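Peer 1: structure of the sequence below:
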Amino acid sequence: MEINEILAILMFVSFIGLLFTGYPVAWTLGGIAIVFAAISIASDTYFDTFIGIDWAYVSLIVDGLWSTMSNWVLVALPMFIFMGLMLDRSGIAEQMMESFTQLFGRIRGGLAVTITVIGVLLAASTGIIGASVVLLTLLGLPIMLKNNYQKELAVGTICSAGTLGILIPPSIMLVIMADRLSMSVGDLFLGAVFPGLLLGGLYIVYTLVVAFLRPSAAPLPAEVPKVTFKVVRGVLWSIMAPAGLILAVLGTIFFGVATPTEASGVGAFGATLLAWWNKRLNVDVLKEVVRQTTSTTAFIFGILIGAIAFSLVLRGLGGDELIEGALLGLDLGPNGTVIAVLCVIFLLGFVLDWIQIILIVLPLVAPVIKSFGFDLVWFTVLFAVALQTSFLTPPVGFALFYLKGVAPPEVTVRHIYRGVAPFIGIQLIGLTIVFLWKDIVTWLPSVAYSQ
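Peer 2: The predicted model follows:
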């Protein structure tokens with residue numbers, strides 16, 4: 001093994017090790033890039049041993065940062081974040097919770113079904129995992145506990161439904177993926193629609209099966225209203241606002257009326273109108289949403305800048321060739337290689353954040369998968385489905401921390417871990433289905449382009 005390959009391995013190992021120190025990820029990525037670039041330059045300057053990086057190559061980092069920051073696709077990030085945060089404060093979710101509870105209340109496990117359906121609607125109109133999980137916890141967990149739902153089933157349903165926003169468009173994860181691979185955001189949005197709905201459907205099937213096999217885990221509410229025309233009308237009225245917002249964002253992209261960047265602006269404006277319509281919009285709310293949008297966007301872009309520097313230095317040391325050689329050396333064939341990559345992604349999700357995996361790992365493995373002739377949209381969505389498990393897998397599963405932070409004291413960490421375990425298995429089943437039936441991803445983009 002050559003010295004540049006050893007440095008590339010040490011670079012990646014150093015990143016994994018420093019993550020556990022609690023130091024900010026953005027500074028960790030950038031700092032490691034500077035250190036290993038300096039080692040390579042010093043070797044070339046003082047020992048006349050060229051490892052792979054010189055001053056001319058380091059200047060490419062500045063070019064990479066400039067091209068990324070001037071990419072108009074990334075303008076969609078703060079707009080979608082603003083849309084999600086503003087919709088969270090619009091009161092729409094409370095209205096849906098009340099109306100759907102009346103509709104599904106007569107079904108055993110109906111409260112869990114209600115949480116999942118609202119999670120799907122929030123996912124298609126917010127895409128902010130933290131906001132969705134916290135909101136579903138505050139709205140749904142007290143009601144389910146009051147009606148004697150099993151704690152594990154209640155928290156597992158909330159965590160899994162709240163994470164759908166990272167996959168169902170408009171998803172900020174898909175925007176970042178498209179930027180890293182120079183792909184169309186619209187392709188990924190359309191390709192991720194059915195996989196996201198598939199997962200939501202699998203969650204509902206699971207909760208209904210559990211309620212049927214173990215009635216004590218999801219008993220019927222003590223007071224169950226009859227399903228009348230008034231109840232159905234209330235449900236339809238409550239979903240009109242989020243459905244209109246979804247149509248304004250995804251519909252304009254699907255029919256070619258607007259680009260994803262333009263649609264993000266429409267979504268942000270639409271969410272603001274909904275907050276105003278429900279009399280939830282005021283100066284304090286607007287200031288808080290803008291502040292949180294700025295903070296979240298700065299956090300993502302900080303990691304993005306550090307990851308660009310890290311990736312360029314890693315490539316300069318031959319890290320991409322090393323990974324390509326390792327994958328091809330497995331001699332597992334095209335499908336076997338994809339499975340191996342997905343297994344690695346699933347395991348990395350236990351210790352790494354999804355942003356870190358996207359920015360560092362995805363650009364390294366995607367060219368290898370593409371060389372096998374696989375559709376890159378399919379693989380990227382498959383990669384995204386695998387990454388969704390990272391929100392539920394301990395110890396870094398952020399959905400678990402979001403829920404624990406607002407859950408009542410009687411809900412322990414043990415309840416949360418045991419509750420999410422079946423849903424992690426369901427996500428892996430969904431991942432397998434998407435892997436075996438590629439049309440689930442590729443059909444909708446092909447229909448859109450054939451119009």
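Peer 1: any figure for the gap between residue 410 and residue 142?
Peer 2: From residue 410 over to residue 142 the distance is 11 Å, taken as Cβ to Cβ, to the nearest Å. C-beta here means a position set from N, CA and C on the backbone, and glycine is covered the same way.
Peer 1: and these two? Which one has more around it.
Peer 2: A side-by-side neighbour count of residue 410 and residue 142, using other Cβ atoms under 10 Å, places residue 142 first with 13 against 8.
Peer 1: the closest residue to residue 112 other than its chain neighbours: how many residues sit nearby?
Peer 2: Here the nearest residue to residue 112 in space, its sequence neighbours aside, is residue 207; by Cβ to Cβ, 6 or more residues apart in numbering that works out to 4.1 Å. For residue 207, the count of nearby residues is 28 (other Cβ under 10 Å).
Peer 1: next, the buried residues of the host helix or strand of residue 207.
Peer 2: Secondary-structure element containing residue 207, defined by DSSP states H and E: helix 185-213. Taking 16 or more other Cβ atoms under 10 Å as the neighbour-count basis, helix 185-213 is seen to contain the buried residues 185-200, 202-204, 206-208, 210-211.
Peer 1: so what's the residue count around residue 233?
Peer 2: Residue 233 has 11 nearby residues by other Cβ under 10 Å.
Peer 1: so it is in which element?
Peer 2: For residue 233, the element it lies in under DSSP H and E is helix 229-246.
Peer 1: who touches that helix?
Peer 2: Contacts of helix 229-246 with the rest of the structure, by Cβ atoms under 8 Å, 6 or more residues apart in numbering, involve 83, 87, 90, 92, 95-96, 98-100, 102-103, 121-122, 124-125, 225, 267, 270-271, 274, 277.
Peer 1: show me which of those are buried.
Peer 2: Those of those that meet the buried threshold are 83, 87, 90, 92, 95-96, 99-100, 102-103, 121-122, 124-125, 267, 270-271, 274, by 16+ other Cβ under 10 Å.
Peer 1: returning to that earlier point: mind giving me the packing neighbours of the helix holding residue 207?
Peer 2: Other helices and strands packing on helix 185-213, by 3 or more Cβ pairs under 8 Å, 6 or more residues apart in numbering; DSSP states H and E, are helix 110-123, helix 151-162, helix 172-181, helix 252-254, helix 260-277, helix 376-388, helix 413-436, helix 439-450.
Peer 1: using TSV, lay out these together with mean pLDDT and distance to residue 403.
Peer 2: Shown next, in TSV, are these (pLDDT from 0 to 100; distance: least, Cβ to Cβ, whole Å):
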stretch	mean pLDDT	distance to residue 403
helix 110-123	86	12
helix 151-162	91	6
helix 172-181	86	20
helix 252-254	77	31
helix 260-277	86	24
helix 376-388	92	16
helix 413-436	92	6
helix 439-450	82	29
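Peer 1: deepest-packed of those helices, please.
Peer 2: The densest packing among those, expressed as mean neighbour count by mean count of other Cβ atoms under 10 Å, is seen in helix 151-162 with a mean of 28.
Peer 1: quick one: distance of that one to the chain centre.
Peer 2: Here helix 151-162 shows a centroid-to-chain-centroid distance of 17 Å under the convention Cα atoms, centre = their mean, to the nearest Å.
Peer 1: now do stretch 259-279
Peer 2: Relative to where its chain is centred, stretch 259-279 has its mean C-alpha point 21 Å off (Cα atoms, centre = their mean).
Peer 1: no further questions, thank you.
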